[in-house]
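K.L.:
How does the following fold in three dimensions:
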Amino acid sequence: MRIRLPTLIAILALTSLPLHAAAPETFYYTLDNGLRIIVRPDHRAPVAVAQIWYQVGSSYEEEGITGISHLLEHLMFKGTPAYPEGAFAQIISDNGGIQNAFTSTDFTVYYEELEARRLPLAFALEADRMRNLIFNEEELATEKEIVSEERRLRTEDNPVARMFERFNVVANAASPYRTPIIGWMGDIQNYNYADIKTWYDDWYAPNNAIIVVVGDVEANAVYKLAEHYFGKIPASTQLPTKDIPSIKRPGEVPPLGERTVNINIPAILPYVYLGYNVPVVNTANEPWEPYALDVLVGILDGGSSARLTKELVRDQALATELGAGYNPFDRLDTLLIFGGIPGKDHTTEELEAALREQVARLQSTPVSTEELQRVKNQVVADEIYARDSLTQQALQIGSLASVGLEPELADKYVDHINAITAEQVQQVASRYLVNDRLTVGILNPQPINTEANL
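P.N.:
The predicted structure follows:
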């Protein structure tokens with residue numbers, strides 16, 4: 001499996017068109033209040049996907065209010081004077097659509113999928129809650145308990161997730177990506193009404209939002225709809241003075257040397273993480289480097305014939321589960337991660353050594369022509385499937401635009417991957433997969449006290 005850890009970002013994996021296909025036409029507009037609209041007509045079915053991307057997530061948060069973007073996402077369904085709690089979801093459902101939302105490190109997204117002629121309905125509802133959200137102290141207290149329980153179930157009661165959270169803090173010592181999306185428990189339980197209201201007023205504004213529509217629509221008609229529903233909403237005056245984390249280029253923060261995190265918690269199985277601090281498209285000194293790193297991940301973890309699965313799982317049984325991940329389209333420098341469970345009768349030390357050996361091999365020996373072509377073929381195949389999904393197209397566009405990249409990069413992705421050589425893969429392995437950039441995380445299982453849970 002080729003994933004990015006944590007797995008939420010896998011939803012946003014970016015691919016592009018095969019070389020022989022023409023890129024779909026995409027239209028761009030900006031309202032006077034700063035709202036950006038991106039439209040990609042796709043007339044294969046009479047449906048549309050509408051997404052609104054707010055350019056704020058956990059990497060924008062300060063200590064003391066970690067997780068506030070995620071909690072606000074929950075509160076956005078509490079209603080407005082025009083549409084009380086529950087009305088939003090009911091209206092979309094009554095019109096045959098679906099709606100939901102998610103928060104990430106760099107953005108918070110709300111979306112509707114519905115029959116194309118009902119797009120005005122989605123715009124009316126989203127425009128209303130962009131500025132008219134209402135909630136009270138009692139509702140905030142309830143939602144804080146819900147999110148606290150979500151954290152207990154997904155993180156604190158999940159040994160690997162709990163271990164990854166601590167590993168991530170150490171590996172991202174100089175980066176805002178160390179902040180967990182759900183937030184730290186102490187912060188979740190101590191938000192007050194003013195904290196949430198200020199976050200909403202500052203960030204939920206047209207000049208911090210991007211609307212993406214993909215489907216059976218006409219671009220100019222979508223622009224006029226956006227102007228009608230969103231055009232009178234005032235821009236936030238706080239955004240220009242907000243202390244937004246700047247893009248960090250490699251070399252600004254000197255490497256700290258190899259770091260090791262040993263996590264001793266109740267668990268059944270051990271786990272190993274290796275994470276290297278690496279550049280992304282936004283920060284790389286050489287524009288080809290992120291694509292070479294992405295190919296490198298594909299060489300190691302791009303299906304059943306990739307090196308990690310074939311050699312360490314099947315041939316040597318050193319691991320029962322093993323994966324690698326990297327997102328070249330993050331906003332800031334990120335992690336290239338290996339993670340897995342040692343096989344029966346094998347230790348975390350053995351698995352760590354085997355992963356280091358895989359890295360050393362990439363550094364010393366160029367990958368074969370066959371391996372390189374396998375990864376490139378897989379990228380094209382993935383894109384063919386991705387283009388069948390309106391939602392995936394919209395996610396590609398919105399995730400790029402939200403981190404300051406041009407959405408056209410998605411349409412050039414295959415070209416960039418196909419241009420990568422074996423020598424370039426070897427170069428990035430030697431340049432970035434080095435001990436000074438490495439953090440090792442080890443989960444050492446401790447006895448599970450079942451009586452304490454009775």
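K.L.:
in this structure, which helix or strand is least confident?
P.N.:
helix 369-386 (a mean of 88; mean pLDDT, DSSP states H and E).
K.L.:
Dump that helix to CSV, keeping only the CA atoms.
P.N.:
What follows is helix 369-386, C-alpha atoms only, in CSV (Å, rounded to 0.1, in the frame of the first residue of the first chain):
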residue,chain,number,x,y,z
THR,A,369,14.7,0.7,-15.4
GLU,A,370,12.0,-1.8,-14.8
GLU,A,371,11.3,-0.5,-11.3
LEU,A,372,11.3,3.1,-12.5
GLN,A,373,8.8,2.3,-15.3
ARG,A,374,6.6,0.4,-12.9
VAL,A,375,6.1,3.5,-10.7
LYS,A,376,5.4,5.7,-13.8
ASN,A,377,2.9,3.2,-15.1
GLN,A,378,1.1,3.1,-11.8
VAL,A,379,0.9,6.9,-11.7
VAL,A,380,-0.9,6.9,-15.1
ALA,A,381,-3.2,4.1,-14.0
ASP,A,382,-4.1,5.9,-10.8
GLU,A,383,-5.0,9.0,-12.7
ILE,A,384,-7.3,7.2,-15.1
TYR,A,385,-9.3,6.1,-12.0
ALA,A,386,-9.1,9.5,-10.3
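K.L.:
what mean pLDDT would you report for the helix or strand following it?
P.N.:
Next in sequence after helix 369-386, counting helices and strands by DSSP states H and E, comes helix 390-402. Across helix 390-402, pLDDT averages out at 95.
K.L.:
Starting from helix 390-402, tell me the next helix or strand along the chain.
P.N.:
Next along the chain from helix 390-402, counting by DSSP H and E, comes helix 408-418.
K.L.:
what comes up buried for that next one?
P.N.:
Residues Leu409, Ala410, Asp411, Tyr413, Val414, His416, Ile417, Asn418 are the ones in helix 408-418 that count as buried (16 or more other CB atoms under 10 Å). Glycine gets a C-beta too; all of them are placed from N, C-alpha and C.
K.L.:
and what of stretch 135-147?
P.N.:
Using 16+ other CB under 10 Å as the test for burial, stretch 135-147 gives Phe135, Glu139, Leu140, Glu143, Lys144, Val147.
K.L.:
For those, give me a markdown table that also has pLDDT, secondary structure and distance to Lys197.
P.N.:
Formatted as a markdown table, those follow (pLDDT from 0 to 100; DSSP: H, G, I helix; E, B strand; the rest coil; distance: CB to CB, whole Å):
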| residue | pLDDT | secondary structure | distance to Lys197 |
| --- | --- | --- | --- |
| Phe135 | 90 | coil | 9 |
| Glu139 | 92 | helix | 13 |
| Leu140 | 95 | helix | 10 |
| Glu143 | 95 | helix | 14 |
| Lys144 | 96 | helix | 14 |
| Val147 | 97 | helix | 17 |
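K.L.:
Pull the most distant pair out of the residues you listed.
P.N.:
The largest separation in those, counting by CB to CB, is between Phe135 and Val147 at 13.6 Å.
K.L.:
does Glu258 really touch Thr439, like I thought?
P.N.:
Yes. The pair Glu258 / Thr439 is scored as a contact, 7.5 Å apart, by CB atoms under 8 Å.
K.L.:
Tell me which of those two has more neighbours.
P.N.:
Set Glu258 next to Thr439 and count neighbours by other CB atoms under 10 Å: Thr439 wins out with 23 against 12.
K.L.:
and the nearest residue in space to Phe88 that is not next to it in sequence, what element?
P.N.:
Leaving aside its sequence neighbours, Phe88 sits nearest to Leu125 (CB to CB, 6 or more residues apart in numbering; 5.5 Å). Counting by DSSP H and E, the element that carries Leu125 is helix 119-131.
K.L.:
Low-confidence stretches in the stretch 201-350 of the chain?
P.N.:
For the stretch 201-350 of the chain, the stretches flagged by pLDDT under 70 are 239-256.
K.L.:
contacts for stretch 140-155?
P.N.:
67, 70-71, 74-75, 78, 135, 161-162, 165, 180, 182-183, 185, 188-189, 191-193, 196 (CB atoms under 8 Å, 6 or more residues apart in numbering).
K.L.:
residues making contact with the helix holding Leu125?
P.N.:
Taking CB under 8 Å, 6+ apart as the rule, helix 119-131 contacts 48, 50, 52, 76, 79-80, 82-83, 88, 91-92, 95, 97, 99, 110, 112, 114, 204-206, 209, 213, 215, 217, 222, 225-226, 228-230, 233.
K.L.:
roughly how far is it from the heart of the chain?
P.N.:
Here the centre of helix 119-131 is set off from its chain's centre by 25 Å, with CA atoms, centre = their mean, to the nearest Å.
K.L.:
repeat for stretch 193-210
P.N.:
Counting by CA atoms, centre = their mean, stretch 193-210 comes out at 21 Å from the chain centroid.
K.L.:
Using PDB, write down the CA coordinates of it.
P.N.:
Presented in PDB, the C-alpha positions along stretch 193-210 are these (Å, rounded to 0.1, in the frame of the first residue of the first chain):
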ATOM      1  CA  TYR A 193     -16.600  30.900  23.800                       C
ATOM      2  CA  ALA A 194     -14.300  33.900  22.900                       C
ATOM      3  CA  ASP A 195     -11.600  31.600  21.600                       C
ATOM      4  CA  ILE A 196     -13.900  29.900  19.100                       C
ATOM      5  CA  LYS A 197     -15.700  33.100  18.100                       C
ATOM      6  CA  THR A 198     -12.400  34.900  17.400                       C
ATOM      7  CA  TRP A 199     -11.100  32.000  15.300                       C
ATOM      8  CA  TYR A 200     -14.400  32.000  13.300                       C
ATOM      9  CA  ASP A 201     -14.500  35.700  12.800                       C
ATOM     10  CA  ASP A 202     -10.800  35.900  11.800                       C
ATOM     11  CA  TRP A 203     -10.600  33.000   9.400                       C
ATOM     12  CA  TYR A 204     -14.000  32.200   8.100                       C
ATOM     13  CA  ALA A 205     -14.200  35.000   5.500                       C
ATOM     14  CA  PRO A 206     -14.300  35.200   1.700                       C
ATOM     15  CA  ASN A 207     -10.700  36.500   1.500                       C
ATOM     16  CA  ASN A 208      -9.600  33.200   3.200                       C
ATOM     17  CA  ALA A 209     -11.800  30.900   1.200                       C
ATOM     18  CA  ILE A 210     -11.800  29.000  -2.100                       C
END
